[in-house]
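In: Below is the sequence, then the predicted model.
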Amino acid sequence: MKTTELGITARALVADGKGILAADETVPTVTKRLGARKIESTAESRRAYREMFFSTPGIAEFISGVILQDETIRQTSSRGAGLADLLSKQRILPGIKVDDGAKPFAGSPGETVTEGLDGLRERLIDYRAMGARFAKWRAVIAVDDTLPSAACVLANAHALARYAALCQEQGVVPIVEPEVLMDGSHTIERCEEVTGGVLHAVFNALHDQQVSLEGMLLKPNMVISGKACAKQASVKEVAAATLRCLQRHVPAAVPGIVFLSGGQDYLAATVHLSAINQLEGPKPWKLSFSYGRALQDEALKAWSGKSENLKAGQRLFYHRAMCDSAAALGRYTAAMEGKSVGA
Ligand code: 13P
């Protein structure tokens, strides 16, 4: 029963032209993002910020699910409804970040392992009762000439698989997120090599822990040049390398792959997703988005913490989600940027 329900939820999250909003920044991270716009971070300002996105009129056309964080799933909107209920009422699935963050990996400076397995079963039971239908766990893999170490990749893959098995036990769809960072001067070829190795280790671990591939989603990085690499790969090169890497390492039973934006600017994240979807060749999974910064940044700038700017922020969020939805169908064009939109 649970396996069928998991498959239905996973497929709903990647329904045609729909993707996920990652609004699960921890309190310290959202405080940094608000601080950059000179907005004081309080429980109330964080609620108002999140509510701006969740109450954008018509957003369910493009957004299938929203990843929340512990504080947000417990908050109520300005109208008194739970923030998770605000989403459910629009048939947007609430999700929850359940990892405890990336912690220094013993014996390997510069590397991290994501923690949070202790007590996870109980937390999943609580979150499911609060309405969460899917979850997220992010592993972080740093790249340079010698990193990542095999030990770091294996430890993170093992934790991701243990998390995914616990989620499925509780009827919660796991989003499995192994993020190979863009930070550094590595080439796109190095990113492809590392991403391939990481995906191989992750699917090996998922198999070992008997995770049902039909009832999960993968959230990977795109294969892209390091931010500080002198030679930045073209859109065509990013699309070809990303699809090739996924074809080689992601089983066809996985219903969907939802990319993170990972520090790409919002336009690059849209253009790359559309280019990947436009490529010929086998694509047995849906290829969509689970963006955080790329969906939120422009709206945050416009809003700047002022209620009189709420509608302007919502218009920009609606527009970005519309463009990313088109990209998930391989139908984004630059001309869409000029169109006025009706949030
Ligand atoms: P970005 O799209 O900003 O990378 O965030 C996605 C995410 O959920 C990272 O864990």
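Out: Cool, got the structure.
In: Would you agree I39 is in contact with S45?
Out: Yes. In terms of Cβ atoms under 8 Å, I39 counts as a neighbour of S45; the distance is 5.9 Å. Glycine gets a C-beta too; all of them are placed from N, C-alpha and C.
In: Show me the common contact partners of these two, please.
Out: G305 (Cβ atoms under 8 Å, 6 or more residues apart in numbering).
In: Among the two, which residue is more densely surrounded?
Out: Between I39 and S45, counted using other Cβ atoms under 10 Å, I39 has the larger neighbour count: 20 against 15.
In: So the closest residue to that one other than its chain neighbours versus the ligand, what's the distance?
Out: Using Cβ to Cβ, 6 or more residues apart in numbering and skipping the chain neighbours, the partner closest in space to I39 is G305 (3.6 Å). To the ligand, G305 is 20 Å away according to Cβ to the nearest ligand atom, to the nearest Å.
In: how many other residues sit next to G281?
Out: For G281, the count of nearby residues is 8 (other Cβ under 10 Å).
In: give me phi/psi at it?
Out: When read as degrees, to the nearest 10, the backbone of G281 gives phi 110, psi 170.
In: If I look at it, what pLDDT would I see?
Out: pLDDT, G281: 95.
In: ok, the closest residue to the ligand within the chain - contacts?
Out: Per Cβ to the nearest ligand atom, the residue of the chain with the smallest distance to the ligand is G292, at 2.7 Å. Residues near G292 by Cβ under 8 Å, 6+ apart: L21, A22, A23, D24, E25, L260, S261.
In: same thing with G65?
Out: Neighbours of G65 in contact, by Cβ under 8 Å, 6+ apart: L13, I20, L21, I92, L93, P94, G95, R133, F134.
In: can you rerun that using 7 Å?
Out: L13, I20, I92, L93, G95, F134 (Cβ atoms under 7 Å, 6 or more residues apart in numbering).
In: neighbours around the residue lying closest to the second one once chain neighbours are set aside, how many?
Out: Spelled out, it's I20. Spatial nearest neighbour of I20, excluding adjacent residues (Cβ to Cβ, 6+ apart): S290 at 3.9 Å. Around S290 there are 30 other residues, counting by other Cβ under 10 Å.
In: Confirm for me that S290 is in contact with G19.
Out: Yes. With contact defined as Cβ atoms under 7 Å, S290 reaches G19; the gap is 6.4 Å.
In: Determine the residues that are contacts of both of those two.
Out: V258.
In: and the host helix or strand of E237, what's its mean pLDDT?
Out: Per DSSP states H and E: E237 is located in helix 235-249. Rounded to a whole number, the mean pLDDT of helix 235-249 is 98.
In: Show me the contact partners of that helix.
Out: Residues outside helix 235-249 that contact it (Cβ under 7 Å, 6+ apart): 188, 192, 195-196, 199-200, 203, 222-224, 257, 271-272, 275-276, 279, 281-282.
In: which residues in the chain form strands?
Out: For the chain, the strands defined by DSSP state E occupy 19-22, 63-68, 93-97, 102-104, 112-114, 134-141, 173-180, 217-218, 256-259, 286-291.
In: Show me the one of those that comes nearest A230.
Out: Checking these against A230 by Cβ to Cβ gives strand 173-180 as the closest, at 19.4 Å.
In: Out of the contacts of G65, which comes closest to T76?
Out: Nearest to T76 among the contacts of G65 is I92, at 16.9 Å by Cβ to Cβ.
In: So what does the closest one have for phi and psi?
Out: phi -100, psi 130.
In: what's the nearest residue to it if we skip its chain neighbours?
Out: Of all residues not flanking I92 in the chain, A60 sits nearest, at 5.3 Å (Cβ to Cβ, 6+ apart).
In: quick one: contacts for that neighbour?
Out: Q90, R91, I92.
In: Any of these buried? List them.
Out: Q90, I92 (16 or more other Cβ atoms under 10 Å).
In: which one of the contacts of A60 is nearest A164?
Out: When those are compared against A164 (criterion: Cβ to Cβ), the nearest one is I92, at 22.5 Å.
In: ok, the residue lying closest to G281 once chain neighbours are set aside to W285 distance?
Out: Leaving aside its chain neighbours, G281 sits nearest to L243 (6.5 Å; criterion: Cβ to Cβ, 6+ apart). The gap separating L243 from W285 is 11 Å, by Cβ to Cβ, to the nearest Å.
In: first to last residue in stretch 66-77, what's the distance?
Out: Chord length of stretch 66-77, first to last residue, is 15 Å (Cα to Cα, to the nearest Å).
In: Stretch 16-26 now?
Out: Stretch 16-26 end-to-end distance (Cα to Cα) = 29 Å.
In: got a list of what Q170 touches?
Out: L124, I125, R128.
In: Next, the contact list for the residue minimising distance to the centre of the chain, please.
Out: The residue lying closest to the centre of the chain (Cα atoms, centre = their mean) is S290, at 3.5 Å. Contact analysis of S290 by Cβ under 7 Å, 6+ apart lists G19, I20, A22, I175, K219, V258, F259, L260.
In: And for the fifth one, nearest residue in space, chain neighbours not counted?
Out: Right, K219. K219's closest residue in space is E177 (Cβ to Cβ, 6+ apart), at 3.9 Å.
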